[in-house]
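Novice: A predicted structure for the sequence below; I have some questions about it.
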Amino acid sequence: MEDYDVFNEMQNIKDKRAIIIIEDDENFIIQNLLDSSLEIIPIRFNYDLSCFSNNYIDKTKKLFTYYYNENNSYKNELLRLKKHFIHYQRKPIIAYIPNDSKYIKLKNMLNEIGIKCISNKKQLINMLNIKLIFIDSDGTLKKTDGIISDRVKKAIEKNRKVGNKIIICTARPRYQTLEVMKESGSDSIIVSSNGSEIYDSNDNKIIFNSFVDNDSVIKLVKYAYLKDIRLILTMENYEYVTKEIRNPNQKLLNKHNYIKELTGCNVKQCMFIDKKIEEIYKIKNILFEDNKLHMVDEINENNSYEEKWFSVSNSNCSKGNAVKIVSKYLNIPIENTIAIGNDKNDISMFEVAGLSVAVANATDDIKSKANYITLSNDEDGVAVFLETLIK
């Protein structure tokens, strides 16, 4: 195995996606892999590079390289390779190992430590080109009447079959987002409360969550009662409301004992929503003198809804931040991410995703920030885009 400064190598590539590849086809590597965001770990079987072109040698001379010999003439390379990946916990996401008996020990070792081996180049490219697609729910995935059409469900199913990941990303709390996930047939990871929580329903695992500090929550509740405005406090699987329970997962906050009731509670998002439009706008202006709070959602001013609303969370929360976190968690590069939305809270997704898509029912200012406009939610715009994507 080639000598190198292990610590510095690991520092240089720790945040990159790495793949192992047997160097059996230099043109394939140059054309498909070298200009991507991948870190290539070539497996070479000889220090003699005479079988490669000068162009290839020049392009790969800076790559992190292992020299491996089946006869062990380089002294325990396979064991050192295994220990390296286990010790540094920076396993490559995949390995291209051709179907050849001389690679069997290498393939067995990689499988043993959980590195998937691919022997087909087309399959490798397909896996590396997986898209991570974040879809807003209300006004985007759902029609105006709240229905998810069969066409949208089929388009999601087809995308998942080719390997693409479909993530519901919404302002709704976890319990409602899970319902959307199940109905649509999307992936088990969900982003709820405008990015305040990222949850994997398969493993019952919270990947990320963040909370509004308790002093700010008390301040908001106090103001809500003072002005008789409806305030929703989002927890994990339920919500506190200052007035008017609207579903079984909501609990009425005790007006006279709310400080004690909220002690020790972790509030992810606070949403003011009421028909008292002037009061809603007044409180919004007052609140943002507090730099602990961050507005993650608000209704478009020209929307015809009777109620107006806005939501606040911790300053490190947004749908855009969630895109970054899930992208890193799933080892899918940010340039392979797609965001589909229709409203102001989707702008942060549009700003970080590799491709941003607005449905036609979005306002002009939202559409101006998108790379692509699909049909409206009532015309199955999400399905139309997803169908085009896999063609």
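Specialist: Done, it's in.

Novice: so what's residue 200 up against?
Specialist: Taking Cβ atoms under 8 Å, 6 or more residues apart in numbering, we find residue 200 in contact with 188-189, 206-207. Using the backbone N, CA and C atoms, a C-beta is placed for each residue, glycine as well.

Novice: sec struct for residue 310, please.
Specialist: strand (DSSP: H, G, I helix; E, B strand; the rest coil).

Novice: Tell me the pLDDT of it.
Specialist: pLDDT recorded at residue 310 is 92.

Novice: Adjust the sequence numbering to begin at 35 for everything that follows.
Specialist: Noted, 35 is the first residue going forward, which turns the last one into residue 344.

Novice: Got phi/psi on the residue nearest to it when sequence neighbours are not counted?
Specialist: Nearest residue to residue 344, sequence neighbours excluded (Cβ to Cβ, 6 or more residues apart in numbering): residue 332, at 3.9 Å. The phi and psi values for residue 332, taken as degrees, to the nearest 10, are phi -160, psi 150.

Novice: what's the burial count for residue 332?
Specialist: Neighbourhood size, residue 332 [other Cβ atoms under 10 Å]: 19.

Novice: my guess is it meets residue 346, correct?
Specialist: No - Residue 332 sits out of contact with residue 346 when judged by Cβ atoms under 8 Å, with a separation of 9.7 Å.

Novice: Kindly report the domain assignment for this protein.
Specialist: Here the domain assignment for the chain is 40-162, 166-244+352-424, 248-348, based on automatic domain parsing.

Novice: Point out the most buried one among those.
Specialist: domain 166-244+352-424 (a mean of 20; mean count of other Cβ atoms under 10 Å).

Novice: What's the mean pLDDT across whatever helix or strand residue 117 lives in?
Specialist: Secondary-structure element containing residue 117, defined by DSSP states H and E: helix 111-122. Averaged across helix 111-122, pLDDT comes to 77.

Novice: so what strands line up beside the following helix or strand past that helix?
Specialist: Using DSSP H and E, the helix or strand that directly follows helix 111-122 along the chain is strand 128-130. If you go by DSSP bridges, strand 128-130 pairs up with strand 51-56 (parallel), strand 150-152 (parallel).

Novice: rewinding a little: contact partners of the helix holding residue 117?
Specialist: Contacts of helix 111-122 (Cβ under 8 Å, 6+ apart): 35, 40, 44, 100-103, 106, 125-126, 139-140, 143, 146-147, 149.

Novice: Keep only those of the residues you listed that are in strands.
Specialist: 100-101 (DSSP state E).

Novice: which one of the contacts of helix 111-122 is nearest residue 280?
Specialist: Nearest to residue 280 out of the contacts of helix 111-122 is residue 125 (Cβ to Cβ; 46.7 Å).

Novice: which residues does the closest one contact?
Specialist: Counting by Cβ under 8 Å, 6+ apart, the residues that residue 125 touches are 119, 147-149.

Novice: Could I get the pLDDT score of the residue most central in space within the chain?
Specialist: When Cα atoms, centre = their mean is applied to the chain, the residue found nearest the centroid is residue 360 (2.9 Å). In this model, residue 360 is scored at 97, pLDDT.

Novice: Need the three-state assignment for it.
Specialist: Residue 360 is classified as helix under three-state DSSP.

Novice: Name all residues that make contact with it.
Specialist: Per Cβ under 8 Å, 6+ apart, neighbours of residue 360: 166, 168, 201, 223, 225, 232, 241.
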